[in-house]
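Undergrad: sequence first, then the predicted structure, then my questions.
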Amino acid sequence: MNKTIIAIIEARMTSSRLPGKHLMKADGKPMLMHLVNRLSKIKLLDNIVIATTINSQDDELESLAESLKVGCFRGSEDDVMGRVVGAGEKFNADIVCEVTGDCPIIDYELVEHAITTFLSSEVDYLQYGCKGGLPDGMGSQVFYLDALRKSEKMTNHKYDREHVTPHIINNPDIFSSLYLEAPASLKYPHIAVTLDEFEDYVLIKKIIEYFSDLNKNFGCLDVIKLLNKNSAWLEINKNILRN
């Protein structure tokens, strides 16, 4: 039986470090639009959903979702785990591919590889990114919605609820997991192309606009080569402390 696979993008306008970052523009388009456009190239996905909050500031994100013809779910600002579960249930997901809105230039081929590997593996949860050595901002997670539902019922810990999958990750005796290793050519964990602070925006905007006329479908390896060739660009956001 075919499984319904949806990508869920967590995004909100009230980021403490860079408010409104998802609508900041590069090459004339909001950052969140760049991310949606990239994920839309993944043929395995049945839907893309922006999971935002019920705060009035996030009305703009719902409007953007409508204009991009993707789904939108609105839930708790603090209980992100509950928000992701709610989004998955609303759009009848069996499998969720989770990408944060902080990853506007994620490599869709890497996300597709994560989904394909998950489908051929008998695990509840797959991660390609944090433990795998990819640049920060290129990572994704894939899991069964049923696994996240089960996890949600087992924890009320604030950190678990805010970050969605730590409870799954920290309980390998309950949830089977797979962590993909980046190939040597992509193993650059010191590179950060995640949108946390203004310096990140400056760097990501430069990258997007550099490739604008060359290759709008640029991938992780293209970014690595560009930054290794232009080492001064790496200085732009090197001093940011990551959560």
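TA: Perfect, I can see it now. Since we're looking at a predicted model, the values are computed, not measured.
Undergrad: residue boundaries of the helices in this structure?
TA: Using DSSP state H, the helices of the chain run over 31-39, 59-68, 80-90, 108-119, 145-154, 158-163, 166-169, 198-211, 220-229, 231-234.
Undergrad: quick one: mean pLDDT over the longest one.
TA: Regarding helix 198-211, the rounded mean pLDDT is 97.
Undergrad: before we move on, what about the last one?
TA: Within the predicted structure, the mean pLDDT of helix 231-234 is 95.
Undergrad: which other helices and strands contact it?
TA: In terms of contacts (3 or more Cβ pairs under 8 Å, 6 or more residues apart in numbering; DSSP states H and E), helix 231-234 is packed against helix 198-211, helix 220-229. C-beta: built from backbone N, CA, C; applies to glycine.
Undergrad: for it, which outside residues touch it?
TA: With contact meaning Cβ atoms under 8 Å, 6 or more residues apart in numbering, helix 231-234 is reached by I191, L203, K206, I207, L226, L227.
Undergrad: with the third one instead?
TA: Outside of helix 80-90, the residues that reach it under the criterion Cβ under 8 Å, 6+ apart are 6, 8, 10, 49, 51, 53, 71, 73, 75-76, 93, 96, 98, 145, 148-149, 151-152, 160-164.
Undergrad: one more time with 6 Å, if that's ok
TA: 8, 10, 49, 51, 73, 75-76, 96, 145, 148-149, 152, 161-162, 164 (Cβ atoms under 6 Å, 6 or more residues apart in numbering).
Undergrad: likewise the first one?
TA: Helix 31-39 is touched from outside by A7, A11, H22, M24, I48, L68, V70, G101, P104, I106, Y108, with contacts defined as Cβ under 6 Å, 6+ apart.
Undergrad: same thing with the second one?
TA: Under the contact criterion Cβ under 6 Å, 6+ apart, helix 59-68 has outside partners A11, V36, I50, T52, C72.
Undergrad: if you set the cut-off to 10 Å instead, what comes out?
TA: Residues from elsewhere that reach helix 59-68, judged by Cβ atoms under 10 Å, 6 or more residues apart in numbering: 9, 11-13, 20, 22-23, 30, 32-33, 36-37, 40, 48-53, 55, 58, 70-74, 101.
Undergrad: mark which of those are buried, thanks.
TA: Burial by neighbour count, 16 or more other Cβ atoms under 10 Å: within those this picks out 9, 11-13, 22, 30, 32-33, 36-37, 48-53, 58, 70-74, 101.
Undergrad: what sits against the residue nearest the centre of the chain?
TA: Taking Cα atoms, centre = their mean, the centroid of the chain lies closest to V99, which sits 2.0 Å from it. Going by Cβ under 10 Å, 6+ apart, V99 touches 7-11, 35, 38-39, 48, 106, 108, 111, 114, 129, 138-142.
Undergrad: and if we set it to 7 Å?
TA: Listed by Cβ atoms under 7 Å, 6 or more residues apart in numbering, the contact set of V99 reads A7, I9, L39, I106, V111, S140.
Undergrad: beta partners of it?
TA: When bridges are called by DSSP bridges, V99 pairs up with I9.
Undergrad: and the gap between it and G133?
TA: Going from V99 to G133 by Cβ to Cβ, to the nearest Å gives 18 Å.
Undergrad: ditto for F118
TA: F118 sits 19 Å away from G133, going by Cβ to Cβ.
Undergrad: what about the two, which has more around it?
TA: Neighbour count, other Cβ atoms under 10 Å: between F118 and G133, F118 has more, with 25 against 17.
Undergrad: any idea of the pLDDT on that one?
TA: pLDDT, F118: 98.
Undergrad: and if you look at the one 4 residues further on?
TA: For E122, the model assigns a pLDDT of 94.
Undergrad: how close does it get to L178?
TA: Here E122 is placed at a distance of 9 Å from L178 (Cβ to Cβ).
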